[in-house]
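Engineer: coordinates only, sequence not included:
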């Protein structure tokens, strides 16, 4: 690159790779010569609402379908911090001196699985769909690209992004693992085609999907990165029940789950499998929160929303929940310990993050009375039907809210129906989530913009002050100024307006069969889904 477009954020993350006796240290094992052949079998706890990566937000899509697609840029699959950006279909890129133009050169010789050449025209058509979708389409990440003025393809090997203003985080946005490159000819005929069909240029071609059972891919012989992939193919097995997924890994019917298991499941596998299991752990750019529907009373009243967040004892909850599920850290809008995260001393000044829980709950009850909400008021909390960590977090939330006089019941929906309820506004208060792929304010904060700015904002509110703070931090060149603006954004989102009710940040724990090599854990379960670096050691 001719000049840095963004500063790669050095995550101060303790990414531990715990190997049992006999396996040796991780660097030595990973340095072994990759071996060709074999089928990787892994378990996935959820299925996808549709096949369209531009539309969906779930690991239930990324894990089985990521191997079929290429992206413009990607995060280096060998980087445990998950911050180093490298080219995928882009061979190189430059930025203009004023930071308003990014120009990418597309590799020659890349082919879709039907044999057609991939060119800049396909990249442009894909980004047009993501950045400027028609009214009939959903694009939950379009808010990341408000800075993009135009996408141009002046020749088959060149793609140009023209910006409204310089952006600190756009390069990270262009490395999104969700921004699959689709075939322009297909999109020209039917923009909805990819919701039910597969046609990519990734390392594996599509074989079959049997709903409720499995997804199968096989090696693409004409993949552009010669010598890869190493595997002959892969099989993703859909198993909603956590105990059954653990049993599949323990019984060696599957080798890995790429999302995570909780600490108890990790210990169970280590005890049962001994030297046949490898454990990798990392902090996780992922959190759940309760989203009140601002169009439903009494949740249109900020006093009620503040009461919901004041009721939660996050510090005590962390001690107990971290033992039974995949959550751990108390934090604000950025992963704790990373450059833009709020230090604990400041965090405790926000509503719901103080250490005096009795005082907080007293204030919560006062706010509810002031808002005219009677003691024993009932509402329904909508939750996703996934055990980890949705189920234990919902039990905790309902218990915490009962302590301020609220009577809350739970409605549990399977993933596709849950996403549908969020998108349509069919809820009073719902569990919601934000899982990123790079810890970067532009990527982590866009979800909470006004609902007319992004399709991913489900609270159904308009907050132009919040929108303006987002835009200002995105333009800030000085890290300290940007940090100040992120703090202001955080205070308005979580405290002044309480648009969302945060729970806890996650902890990623991946126990897997020791035969699985070439896979690097990162703080995101959306990364490294192409499977092109994975190989299997002999039994």
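Structural biologist: Alright, I've got the coordinates. Remember, it's a predicted structure, so these values are computed and weren't measured experimentally.
Engineer: mind listing the helices for the stretch 101-250 of the chain?
Structural biologist: 120-131, 170-174, 184-189, 242-250 (DSSP state H, counting those that start in this stretch).
Engineer: actually the stretch 401-539 of the chain, not the one I wrote
Structural biologist: For the stretch 401-539 of the chain, helices defined by DSSP H, counting those that start in this stretch occupy the ranges 415-424, 441-445, 464-475, 479-491.
Engineer: of all those helices, which one comes closest to residue 319?
Structural biologist: Comparing the helices of the stretch 401-539 of the chain against residue 319 with CB to CB, the closest turns out to be helix 479-491 (23.7 Å). The C-beta positions use only the backbone N, C-alpha and C, and glycine is treated the same way.
Engineer: so what touches that closest one?
Structural biologist: 7, 168, 332-334, 339-340, 342, 346, 350, 441, 445, 466, 469-470, 472-473, 476 (CB atoms under 8 Å, 6 or more residues apart in numbering).
Engineer: buried among those residues? Need that as a selection in ChimeraX.
Structural biologist: Entered in ChimeraX, the line below selects the buried ones among the contacts of helix 479-491, by 16 or more other CB atoms under 10 Å:
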select :168,332,333,334,339,340,342,350,441,445,466,469,470,472,473,476
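Engineer: tell me which of the helices of the stretch 401-539 of the chain sits most buried.
Structural biologist: helix 441-445 (a mean of 23; mean count of other CB atoms under 10 Å).
Engineer: what lines up beside the helix or strand hosting residue 383 in the sheet?
Structural biologist: Assessed by DSSP states H and E, residue 383 sits inside strand 378-384. Applying DSSP bridges to the sheet, strand 378-384 is found paired with strand 407-413 (parallel), strand 429-435 (parallel).
Engineer: closest one to residue 55 among those?
Structural biologist: Smallest distance to residue 55 across the strands paired with strand 378-384 (CB to CB): 16.0 Å, for strand 429-435.
Engineer: report the distance from that closest one to the chain centre.
Structural biologist: With CA atoms, centre = their mean, to the nearest Å as the basis, strand 429-435 stands 12 Å off its chain's centre.
Engineer: for that strand, which outside residues touch it?
Structural biologist: Contacts for strand 429-435 (CB under 8 Å, 6+ apart): 57, 59, 284-293, 299, 308, 379-384, 390, 393-394, 418, 421-422, 444, 447, 458, 500-501, 524-526.
Engineer: among these, which are in strands?
Structural biologist: 284-292, 379-384, 501 (DSSP state E).
Engineer: closest to residue 106 among those residues?
Structural biologist: If you rank those by distance to residue 106 using CB to CB, residue 285 comes first, at 28.7 Å.
Engineer: quick one: pLDDT of the nearest residue to the closest one once chain neighbours are set aside?
Structural biologist: Closest residue to residue 285 apart from its sequence neighbours, by CB to CB, 6 or more residues apart in numbering: residue 436 at 4.2 Å. Residue 436 is assigned 89 on the pLDDT scale.
Engineer: then residue 316?
Structural biologist: Residue 316 is given a pLDDT of 97.
Engineer: look up which residues are beta-bridged to the residue positioned nearest the centre of the chain.
Structural biologist: Centroid check for the chain by CA atoms, centre = their mean gives residue 435 as the closest residue, at 2.9 Å. Bridge pairing for residue 435 (DSSP bridges) gives the partners residue 286.
Engineer: in this protein, which helix or strand is least confident?
Structural biologist: strand 16-19 (a mean of 34; mean pLDDT, DSSP states H and E).
Engineer: so where do the helices sit in the stretch 251-400 of the chain?
Structural biologist: Going by DSSP H, counting those that start in this stretch, the stretch 251-400 of the chain shows helices at 263-273, 302-310, 314-324, 344-347, 357-370, 390-402.
Engineer: export those as a markdown table, with columns for distance to residue 251.
Structural biologist: Listed next are these as a markdown table, based on distance: least, CB to CB, whole Å:
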| stretch | distance to residue 251 |
| --- | --- |
| helix 263-273 | 9 |
| helix 302-310 | 43 |
| helix 314-324 | 23 |
| helix 344-347 | 43 |
| helix 357-370 | 44 |
| helix 390-402 | 24 |
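Engineer: which one, of those helices, ends up nearest to residue 245?
Structural biologist: helix 263-273 (8.7 Å).
Engineer: show residues contacting the closest one.
Structural biologist: So helix 263-273 is contacted by 20, 242, 246, 249-250, 261, 277, 279, 322-324, 509, 511, 513 (CB under 8 Å, 6+ apart).
Engineer: which positions in that helix come out as buried?
Structural biologist: 263, 265-266, 268-270, 273.
Engineer: a markdown table for those, including distance to residue 228?
Structural biologist: A markdown table is the format used below for the buried residues of helix 263-273 (distance: CB to CB, whole Å):
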| residue | distance to residue 228 |
| --- | --- |
| 263 | 34 |
| 265 | 31 |
| 266 | 30 |
| 268 | 34 |
| 269 | 29 |
| 270 | 31 |
| 273 | 29 |
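Engineer: just the closest of those residues to residue 63, please.
Structural biologist: Residue 63 has its nearest neighbour among these in residue 265, at 17.7 Å by CB to CB.
Engineer: just the helices of the stretch 251-400 of the chain: most buried one?
Structural biologist: helix 302-310 (a mean of 24).
Engineer: for that one, give the mean pLDDT please.
Structural biologist: Helix 302-310 comes out at a mean pLDDT of 98.
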